[in-house]
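K.L.:
I would like the atomic coordinates for the input below:
(4 chains)
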Number of protein chains: 2
Amino acid sequence: MNIQQLEYIVALDEHRNHVKAAQQCHVTQPTLSMMVKKLEDELDVKIFDRSSLPLKPTPAGELILTKARAALKEIRGIKDAIKSEKDTIEGEFRLGVIPTLAPYLLPRFLHEFLQKHPGTSFTVTELQTQDIVAQLKSNKLDLGILVSPLEDKEIREIPIFYEPILLYTSEHMKYFKQDRISLKSLTYDNLLLLEEGHCFRGQVENLCSSMGKKSVHQLNYQSGSFETLKGMVDNNYGYTLIPELAVNVKSKHVKHFTSPEPVREVSLAVHNNFIKEKLLEKLREAILKSIPNHFKKNEKVVRIRWN
Amino acid sequence: MNIQQLEYIVALDEHRNHVKAAQQCHVTQPTLSMMVKKLEDELDVKIFDRSSLPLKPTPAGELILTKARAALKEIRGIKDAIKSEKDTIEGEFRLGVIPTLAPYLLPRFLHEFLQKHPGTSFTVTELQTQDIVAQLKSNKLDLGILVSPLEDKEIREIPIFYEPILLYTSEHMKYFKQDRISLKSLTYDNLLLLEEGHCFRGQVENLCSSMGKKSVHQLNYQSGSFETLKGMVDNNYGYTLIPELAVNVKSKHVKHFTSPEPVREVSLAVHNNFIKEKLLEKLREAILKSIPNHFKKNEKVVRIRWN
DNA sequence: TAAAAATACTCCATAGGTATTTTAT
DNA sequence: ATAAAATACCTATGGAGTATTTTTA
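P.N.:
Numbering: from 1, shown residues only, chains lettered A, B, ... in the order given. All right, here's what the predicted structure looks like:
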């Protein structure tokens, strides 16, 4: 017995005509005829009395049809439940965001999102990438916003945007006089960096080594936030690399790189189990709407990896 | 999606182990693994979290499993309902029996059967074969007892026994002095016959022509019952052919044929739709128990056809 | 005789098998 | 190291197609 056969007999009972029933099931008349017959053979019961046209169910057939309808309803219920689970936005969600994004990105979209979707609520935690990943896996978090790729089979990433990496330089550096900086011309010496653990530190180190450079630091100042680093630079102390959302691009200290521009890929991250597709879609849309247009995918970029 | 896949995920949820689940489903582990995966792919939902052993259902998986169990229950319900319908004896049944059997056969088993199966009741009608067939088809009868074969696609015959045909002869006939009569030696002239419509008349005519004989009747006496014919013979008026149940075999008027003996095949007849197999089985057993042992199938017979 | 259903046959998708590799404890 | 699960590959069943015949009204 299979689900198709049940659908065939139900359709046949509804139409009392093989051709019409077959059309409804998107198969040919012989296919439907054969399958109905096969089911009858398997159950060893005549479901339809074909001795006169239009055919009609036998007494046993009536019984079978009633039960077949109930079974099909349950089966459709499975698909429907999944669909509605995927389509529903409502719920309480635990969101982890990396510290180099949280203060700059969340204010841009979260309030509006909550107003637009009153059924949703979020508990936001600032966490470093590895903690977000671990907590998504252990079901302590539902969603993450972080820099991808992670290359973790259990975690699904939905890329949202590509955030340019800018140079934030003090006035006394040579870069200050340039309009745009070439990535190749960058020496990584005396670069101010975030402390260990922040993915952005890893990203910059990665960028550095991918350029075949070795950074030597006279001052090994490591801060926990861009705000401190910016303060250092503002007070004429070296330079740093900084993602665009973390700075006012109109500041005279900010320098863009020439093409190909380094960017970091910012993604939504969820456990493979997460199925609220609609929520992901809506969140992605809301975030995309809140960020500058040039963050959208662009071929002329160097996507830097954080790990 | 198919029923097997639902059974696989339910088994997997029960055992939390692919090997054991596969054993329960009588398939190999790779088969079960693949099918579960295929279902997940089709539904686009992870049903099981395999990141740690033993695996466990995802939240969405729990939902799916609940519904899958309900669906399987309905599906099993179909088979169970059929089985119980087939196995149940209880009910009111309308039984048609041909007149040449009814008065001799019914008293032999019906009372005992009713006592043994208090849940059953019968409405018996004496009808000729063609009427039984018509009423089985039009659902005015549930069961028939008649002489087969009928060769009607809508009617199912369950042979019960083979009733010998005997010669019932008056004392002045040449047959009276013989111990056993050879079928070939029989002249069909002046044979007393039942009136038109009775299948037994057709059977005898059939037997006659199959022997290459042509019957010529001096006295064309046609009766509606064997009792009348027997009365004629008892009063020294010719002879007749008569099925064994209709006579006292110890009577001196009764002569057996030599082998191969002519017999008629007595069958239960039902419409193809009829599914109470157990009832048929029990009826057949009861009838068989009530008739002489030599009525059971025997190779040394000439099965005569009534049509 | 026209419409409906059954039959004959052909094809290919896939459920299921075996052998092996990969993963998790 | 060992048990469990996934993967690769192969086979054969049977679901579905087209063409045709048979049946019903």
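
K.L.:
Quickly note the distance from A:I3 to DNA strand D.
P.N.:
Distance from A:I3 to DNA strand D, counting by CB to the nearest atom of the strand, to the nearest Å: 10 Å. Bear in mind the C-beta positions are built from the backbone N, C-alpha and C, glycine included.

K.L.:
again, but for A:F109
P.N.:
36 Å.

K.L.:
And for that residue, the neighbour number?
P.N.:
Using other CB atoms under 10 Å in any protein chain shown, A:F109 has 18 other residues around it.

K.L.:
contacting residues for it?
P.N.:
With contact set as CB atoms under 8 Å, 6 or more residues apart in numbering or on different chains, A:F109 has these partners: A:286-287, A:289-290.

K.L.:
out of the residues you listed, which are buried?
P.N.:
A:286-287, A:290 (16 or more other CB atoms under 10 Å in any protein chain shown).

K.L.:
Now, these that are in strands?
P.N.:
Members of the buried ones among the contacts of A:F109 lying in strands (criterion: DSSP state E): none.

K.L.:
Poorly predicted segments of chain A, please.
P.N.:
A:188-190, A:192-197, A:199-200, A:207-223, A:298-307 (pLDDT under 70).

K.L.:
that older thread, I'd like the buried ones among the contacts of A:F109 as CSV, with distance to B:Y162 appended.
P.N.:
CSV is the format used below for those (distance: CB to CB, whole Å):
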residue, distance to B:Y162
A:A286, 86
A:I287, 87
A:S290, 92
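
K.L.:
Among the residues you listed, which lie within helices?
P.N.:
A:286-287, A:290 (DSSP state H).

K.L.:
Considering only those, which also neighbour chain B?
P.N.:
Checked against chain B using CB under 8 Å from any CB of the partner chain, these give no members in range.

K.L.:
Going by distance to DNA strand D, which of those wins?
P.N.:
A:I287 (31.6 Å; CB to the nearest atom of the strand).

K.L.:
show me the residues around A:K67 that make contact.
P.N.:
The contact partners of A:K67, by CB under 8 Å, 6+ apart, come to B:74, B:77-78, B:81.

K.L.:
Could you identify the buried members of these?
P.N.:
Here, 16+ other CB under 10 Å leaves B:74, B:77-78, B:81 buried among the contacts of A:K67.

K.L.:
Which residue ranges of chain A form helices?
P.N.:
Along chain A, the stretches classed as helices by DSSP H are A:3-15, A:18-24, A:29-43, A:59-87, A:102-116, A:129-137, A:199-210, A:226-234, A:277-290.

K.L.:
Make TSV out of these and add distance to A:F257.
P.N.:
Output for these, formatted as TSV (distance: least, CB to CB, whole Å):
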stretch	distance to A:F257
helix A:3-15	58
helix A:18-24	61
helix A:29-43	63
helix A:59-87	40
helix A:102-116	19
helix A:129-137	24
helix A:199-210	10
helix A:226-234	17
helix A:277-290	23
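
K.L.:
Out of those, which gets nearest to A:L245?
P.N.:
Judged by CB to CB, the one of the helices of chain A that comes nearest to A:L245 is helix A:102-116, at 3.9 Å.

K.L.:
Enumerate every residue touching the spatially most central residue of chain A.
P.N.:
Nearest to the geometric centre of chain A sits A:I158, at 2.5 Å (CA atoms, centre = their mean). Counting by CB under 8 Å, 6+ apart, A:I158 touches A:267-270, A:280, A:284.

K.L.:
what does the stretch 1-150 of chain A put close to chain B?
P.N.:
A:1-3, A:6, A:43-46, A:49, A:51, A:58-60, A:63-64, A:67-68, A:70-71, A:74-75, A:77-79, A:81-82, A:85, A:137.

K.L.:
again but with the stretch 201-307 of chain A, I slipped
P.N.:
Near chain B, when you scan the stretch 201-307 of chain A using CB under 8 Å from any CB, you find A:272-273, A:275.

K.L.:
Buried members of those residues into ChimeraX, please.
P.N.:
To isolate the buried members of these in ChimeraX, using 16+ other CB under 10 Å:
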select /A:272,273,275
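
K.L.:
Please convert the residues of the stretch 201-307 of chain A next to chain B to CSV, extending it with distance to DNA strand D.
P.N.:
Shown next, in CSV, are these (distance: CB to the nearest atom of the strand, whole Å):
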residue, distance to DNA strand D
A:N272, 12
A:N273, 14
A:I275, 18
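
K.L.:
out of the residues of the stretch 201-307 of chain A next to chain B, who's near DNA strand C?
P.N.:
By CB under 7 Å from any atom of the strand, no member of those lies near DNA strand C.

K.L.:
how deep is A:Q203 tucked in, by neighbour count?
P.N.:
Neighbourhood size, A:Q203 [other CB under 10 Å]: 22.
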